[in-house]
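Novice: Okay, sequence plus prediction incoming.
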Amino acid sequence: MKLLSDLPTPSKLGEPDEWNKQQRKRPFCLNHRPTQASSTVPVSLYCPTIFGKFQECCHEKDPEYEDNLFTYNFCCKMAEFYQTEESRRDVANKMLSTYLGHAVTPLQLPGNRSTDGTICAFTPHAYRELNIEAKNECCRSLTCPYLENCGYYLNICKEYQDIPSHLPCFLVTIAGN
């Protein structure tokens, strides 16, 4: 948690040069950026209870026609051009909310920041099921949406450090086509 408290904002971490500078000091996020920022511990061992539940759900059924149709429609809709990042985000959140059966909404964080979309499960083992970072187009910003999403996830971990688990969390990056 000490490492997380010294990090810059997620949008600053989204700048590849800043991410690299911070990770080279001492890796704070084991996402293989740079390659030495990795771990040999499988993610399933970090919180066997929650990840085990996720694995059970994955074994319950194979992807069905509806799942494939949603994925196709979602990709087609996200490949469209949008005037603003907010309009792309709102369409993505609405589609995902309907499909997943859970509200996907921005999560307010300290410092007047928010994620683009998050599903939170506040149970005895609270965790974020999903976090979204949306950019209107890949080339519209100097920040990498994937790295920024990692930054938001770390920020959430820091904010909820007294909650026993933050896993699993799927990081979804939406950036134009």
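Specialist: It's in. Numbers count the residues shown, from 1 in each chain.
Novice: Helices along this structure, start to end?
Specialist: Ranges of helices in the chain, per DSSP state H, are 2-5, 10-13, 16-25, 48-60, 65-78, 85-100, 145-159.
Novice: Compare those and say which comes out lowest on pLDDT.
Specialist: For those, mean pLDDT drops lowest on helix 48-60, to a mean of 67.
Novice: mind listing what Cys38 touches?
Specialist: Small correction: residue 38 is Ser, not Cys. Leu30, His32 (Cβ atoms under 8 Å, 6 or more residues apart in numbering). Quick note: C-beta positions are derived from backbone N, CA and C, even for glycine.
Novice: no wait, Ala134
Specialist: Going by Cβ under 8 Å, 6+ apart, the list of residues near Ala134 reads Glu85, Arg88, Arg89, Ala92, Asp116, Gly117, Pro145, Thr173, Ile174, Ala175.
Novice: can we see that at 7 Å?
Specialist: Glu85, Arg88, Arg89, Ala92, Asp116, Ile174 (Cβ atoms under 7 Å, 6 or more residues apart in numbering).
Novice: Looking at the protein, which strand is longest?
Specialist: In the chain, assigned by DSSP state E, the strand with the most residues is strand 127-135.
Novice: Tell me which strands it pairs with, and in which orientation.
Specialist: Sheet pairing for strand 127-135, assigned by DSSP bridges, gives strand 117-121 (antiparallel), strand 170-175 (parallel).
Novice: Deepest-packed of those strands, please.
Specialist: The highest average neighbour count among the strands paired with strand 127-135, using mean count of other Cβ atoms under 10 Å, belongs to strand 117-121 at a mean of 20.
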